[in-house]
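# Take a look and give me a structure for this.
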Amino acid sequence: MVTSRNQLVVADTLPQALDQYQGLPDPGRVEAVIAGSADPTSHPAAVFRGAGKAVLVADEDGRRRVEAWLGEGNRLLIDVQRGMAIDTTQVARLAEDLAALQASRAVKAGWIRHPSVQ
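I've put the predicted structure just below:
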């Protein structure tokens, strides 16, 4: 669950996200990374995977929407299995099916494609 902007790294690419992440004074606070593009076998993907950080790919509109949600003080659920960032303030007012959630713009679809190494 992401509750503040300092728990999230948002960038156009995964290498840019890694640069931001490594430049933070306390990268341990980061819960998730949202990037516009990501090579699932890249060095940045391996670093984030090793650090246990969720990675979600979203287009520019999706990244802007996530930033706006956090700016409004909303709590976000980053669901990498389904590839979604969910504005939890919207969920209670909606039907439970995924199509209704996507149509409401309460979720932004994305994807994650790297294997989990445990």
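# how about the strands in the chain?
Under the criterion DSSP state E, the chain contains strands at 8-13, 32-37, 54-57, 76-79, 84-87, 107-109.
# Check the average confidence over the longest helix belonging to the chain, would you?
In the chain, assigned by DSSP state H, the helix with the most residues is helix 60-71. Helix 60-71 shows an average pLDDT of 88 in the prediction.
# could you say what helices and strands that helix packs with?
For helix 60-71, the packing partners by 3 or more Cβ pairs under 8 Å, 6 or more residues apart in numbering; DSSP states H and E come out as strand 8-13, strand 32-37, strand 76-79, strand 84-87, strand 107-109. Where C-beta positions appear, they are placed from N, C-alpha and C, glycine not excepted.
# One more pass at 10 Å, please.
When contacts are defined as 3 or more Cβ pairs under 10 Å, 6 or more residues apart in numbering; DSSP states H and E, helix 60-71 sits against strand 8-13, strand 32-37, strand 54-57, strand 76-79, strand 84-87, helix 88-91, strand 107-109.
# now what about stretch 12-19, what contacts it?
8-11, 21, 30, 33-40, 42-48, 53, 55, 57, 60, 63 (Cβ atoms under 10 Å, 6 or more residues apart in numbering).
# follow-up on the earlier one: columns mean neighbour count and mean pLDDT on top of the helices and strands packed on helix 60-71, output as JSON lines?
Converted to JSON lines, those look like this (neighbours: other Cβ atoms under 10 Å; pLDDT from 0 to 100):
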{"stretch": "strand 8-13", "mean neighbour count": "20", "mean pLDDT": "92"}
{"stretch": "strand 32-37", "mean neighbour count": "21", "mean pLDDT": "88"}
{"stretch": "strand 54-57", "mean neighbour count": "23", "mean pLDDT": "89"}
{"stretch": "strand 76-79", "mean neighbour count": "19", "mean pLDDT": "82"}
{"stretch": "strand 84-87", "mean neighbour count": "23", "mean pLDDT": "83"}
{"stretch": "helix 88-91", "mean neighbour count": "14", "mean pLDDT": "74"}
{"stretch": "strand 107-109", "mean neighbour count": "21", "mean pLDDT": "60"}
